[in-house]
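Visitor: one predicted model, sequence on top.
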Amino acid sequence: MKESLKGSANHLANDAIRPFSALAIAVAAISPTTSVFLVYGAGLAAAGTGVVWAFVIGGVIAAGMALSYAEVGSAFLSAGGAYTIVRRALGPIAGGVTALLFLVLGVVVTASILVAAATYLNSLIPALPVNWTAFLMMAIVTALSITKISPTSWVTTAMLMLELAVIIVFSVVAITHPAAHGASILHPVMAAGHGTLSKVGVSALLVAVVPALFAYNGYDWPLYFSEESTSPRRSLPKAVIVAAAISIGVELFAVIAATVATKNLGATTQSATPLSLIAQNLLGTAGADILLIGVVVAMFDTGLAGNLAYARIYYACARDGLLPKPLTRFFGYLTPKSKVPAMGFLVLFVGNGVLAIFTSLNNLITFTGVVIVVIYLLVAVSALVSRVRDKAIPRTFKMPLWPLPPIVAIIGVIIALSQQSKGDLITTAIVVLVGTAWFTLRRRSLPQRLDGNYQGEAEV
């Protein structure tokens, strides 16, 4: 199973993803609108107005990770993205564990995003049931995913423009209507009950870094489309870095603006949808409703972008021989016409669809954050190891200030992990241990660390 996602004879040459579309998919996967509306409340509850500094710290870590992804991603191009980076830098066992973490992420992340979108939609149209609306959204996402990638990426691009307009308009209106004194950001405070405020300590700021990292996540998404992109070694590292820069800039601006516009810190902290409350204060009910429509579109766009990548990771695992033969044939199947991994999309539809119907997924948000941070740790270590050991491998991009970016990222993600709940850490540890044991037992049948006969690594 060494077939590239392009298929044979450059079948997809006319449908290859152009650099702008790859960038659009990445920013859509991050989705500044979705991210801020999902995590701002958690950050505000943990650190009060210190949520701004949490996003600053998270932005520094994200920048280090983006540079790490860009360098090793350009050296190890594959639809497997982060999984391929770890497999080829640290070996098949570590790569297998990374693949397993992605398998877990794939069947929960899209569902959680779409349930959140359906929840916002329900606040606009109460007659729409949240869970079944989320299931219908998942069906539409699947239908779009199995089409040729270029049309799908243009759908993503169009929705991306809309969502960026939403978050920028909200941010501009908020920043021009300040309600809080500037000192509340320079000297962070949080609601302490009965209308009083208290100072925010360093530990509270570090807790809020976790949702900030979750908000910035997704800038590595161009790597998962490297086998369907034009000039991937040159264009995709740039797409990763630009996507990270856009997300950090737009999200940090939105968080600063929202915090400055907060009139009542206690009431806003207690609200289940604090940004909706701020929007109502600024724009009125009608304006807030229009904003929420944009938020729903943004979340749907994020679900689509994520779904596109996870199926390609499953395909890469099958092609690399990490899975048992029946699963290799199953996940390695490409549709004859559009050359997409249809079976991966089927599994994603079933897994996310079931969860969308039967689960609220509130607890899964924190769990997925832990899994993402563990993958960050593996990739950052890969960036260090690969530069030192694999000097003969061509790199079209080398990060500036090496080795500072991956070191900053490693320190940051370790701190982030230290702030997570024991339950999430234990669950993730079980996944890692099971994966390590399984791939250790199958070590002799796994491909070597630098087995590099990928058709997808060639320039298009």
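Guide: It's in.
Visitor: all helices of the stretch 51-200 of the chain, in order?
Guide: With helices called from DSSP state H, counting those that start in this stretch, the stretch 51-200 of the chain shows them at 51-75, 82-90, 92-106, 109-124, 130-145, 149-175, 183-186.
Visitor: who are the packing partners of the shortest one?
Guide: If I follow you right, that is helix 183-186. Judged by 3 or more Cβ pairs under 8 Å, 6 or more residues apart in numbering; DSSP states H and E, the packing partners of helix 183-186 are helix 232-261. From N, CA and C alone the C-beta is placed, and that goes for glycine too.
Visitor: same thing with the fifth one?
Guide: The criterion is 3+ Cβ pairs under 8 Å, 6+ apart, and the helices and strands that helix 130-145 contacts are helix 109-124, helix 149-175, helix 274-319, helix 342-358.
Visitor: now the angle from the shortest one to helix 92-106?
Guide: Put plainly, it is helix 109-124. Angle of helix 109-124 versus helix 92-106, following axes from the mean of the first three to the mean of the last three Cα atoms, to 10 degrees, is 20 degrees.
Visitor: Ala24: neighbour count?
Guide: Neighbour count for Ala24, taken as other Cβ atoms under 10 Å: 27.
Visitor: surely it meets Leu160?
Guide: Yes - taking Cβ atoms under 8 Å as the definition, Ala24 is a contact partner of Leu160 at 5.1 Å.
Visitor: could you dump the helices and strands packed on helix 130-145 into CSV with mean neighbour count, distance to Ala99 and mean pLDDT added?
Guide: Listed next are the helices and strands packed on helix 130-145 as CSV, based on neighbours: other Cβ atoms under 10 Å; distance: least, Cβ to Cβ, whole Å; pLDDT from 0 to 100:
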stretch, mean neighbour count, distance to Ala99, mean pLDDT
helix 109-124, 24, 15, 84
helix 149-175, 19, 22, 76
helix 274-319, 23, 5, 84
helix 342-358, 20, 12, 88
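Visitor: and those: which comes nearest Ala54?
Guide: helix 274-319 (14.8 Å; Cβ to Cβ).
Visitor: pull the residues that contact the next helix-or-strand element following the closest one.
Guide: For helix 274-319, the following helix or strand on the C-terminal side (DSSP states H and E) is helix 325-331. Contacts to helix 325-331, defined as Cβ atoms under 8 Å, 6 or more residues apart in numbering, come from residues 1, 314-315, 317-319, 321, 323, 341, 343-344, 347.
Visitor: circling back to that earlier point, Arg88 is nearest to which of the helices and strands packed on helix 130-145?
Guide: That would be helix 274-319 among the helices and strands packed on helix 130-145, by Cβ to Cβ, at 11.5 Å.
Visitor: and the contacts of helix 325-331, which two are the farthest apart?
Guide: Gly321 and Val347, at 18.7 Å, using Cβ to Cβ across the contacts of helix 325-331.
Visitor: for Gly80, what are its contacts?
Guide: Here Gly80 is in contact with 87, 99, 224, 312-313, 316-317, 320 (Cβ under 8 Å, 6+ apart).
Visitor: let's go with 10 Å and repeat that
Guide: Residues counted as contacts of Gly80 (Cβ atoms under 10 Å, 6 or more residues apart in numbering) are 86-88, 95, 98-99, 102, 223-224, 226-227, 312-317, 319-320, 322, 454, 456.
Visitor: for it, give me the pLDDT.
Guide: Per-residue confidence (pLDDT) for Gly80: 77.
Visitor: so how far is Ala392 from Ala244?
Guide: Distance check for Ala244 against Ala392: by Cβ to Cβ, to the nearest Å, it reads 28 Å.
Visitor: specify which residue of the two has the higher count of neighbours.
Guide: Taking neighbours as other Cβ under 10 Å, Ala244 and Ala392 compare with Ala244 leading, 27 against 6.
Visitor: wait, the more buried one touches Leu213, no?
Guide: No - under the criterion of Cβ atoms under 10 Å, Ala244 is not in contact with Leu213, lying 12.0 Å apart.
Visitor: identify the contacts common to those two.
Guide: Common neighbours of Ala244 and Leu213 (Cβ under 10 Å, 6+ apart) are 59, 62, 65.
Visitor: my read: the second one touches Ala416, true?
Guide: No - distance between Ala62 and Ala416: 11.1 Å, which falls outside the contact criterion (Cβ under 10 Å).
Visitor: common neighbours of these two, please.
Guide: With Cβ under 10 Å, 6+ apart, Ala62 and Ala416 have common neighbours 212-213, 376.
Visitor: got TSV for the residues you listed, with secondary structure too?
Guide: Shown next, in TSV, are the shared contacts of Ala62 and Ala416 (DSSP: H, G, I helix; E, B strand; the rest coil):
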residue	secondary structure
Ala212	helix
Leu213	helix
Tyr376	helix
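Visitor: quick one: which of the residues you listed is nearest Leu441?
Guide: Closest to Leu441, out of all of these and judged by Cβ to Cβ, is Tyr376, at 26.8 Å.
Visitor: so how many other residues sit close to that closest one?
Guide: Tyr376: 27 neighbours (other Cβ under 10 Å).
Visitor: confidence score at Ile248?
Guide: 95.
Visitor: please determine how far it is located from Ser276.
Guide: For Ile248, the distance to Ser276 - Cβ to Cβ - is 24 Å.
Visitor: what ranges do the helices span in the stretch 351-460 of the chain?
Guide: Under DSSP H, counting those that start in this stretch, the stretch 351-460 of the chain gives helices at 362-389, 404-418, 422-441.
Visitor: my read is that Tyr216 contacts Val56, right?
Guide: No - using Cβ under 10 Å, Tyr216 and Val56 do not qualify as a contacting pair, with a distance of 11.4 Å.
Visitor: look at the two and report which has more neighbours.
Guide: When neighbours are counted by other Cβ under 10 Å, Tyr216 and Val56 differ, and Tyr216 comes out ahead with 26 against 17.
Visitor: which residue is the nearest non-sequential neighbour of the more buried one?
Guide: Distances taken as Cβ to Cβ, 6 or more residues apart in numbering place Ala62 nearest to Tyr216, at 4.1 Å, with adjacent residues excluded.
Visitor: and Ile313, by the same measure?
Guide: Nearest residue to Ile313 in three dimensions, chain neighbours excluded: Phe102, at 4.9 Å (Cβ to Cβ, 6+ apart).
Visitor: one more: Leu308?
Guide: Per Cβ to Cβ, 6+ apart, closest to Leu308 is Ser145, 5.7 Å.
Visitor: can you give me the neighbour number for the residue nearest to Tyr216?
Guide: Ala62: 27 neighbours (other Cβ under 10 Å).
Visitor: quick check, central residue of this protein?
Guide: Among the residues of the chain, Gly218 comes closest to the average C-alpha position under Cα atoms, centre = their mean, at 3.2 Å.
Visitor: my guess is Ala99 meets Tyr315, correct?
Guide: No - the pair Ala99 / Tyr315 is not scored as a contact, 11.2 Å apart, by Cβ under 10 Å.
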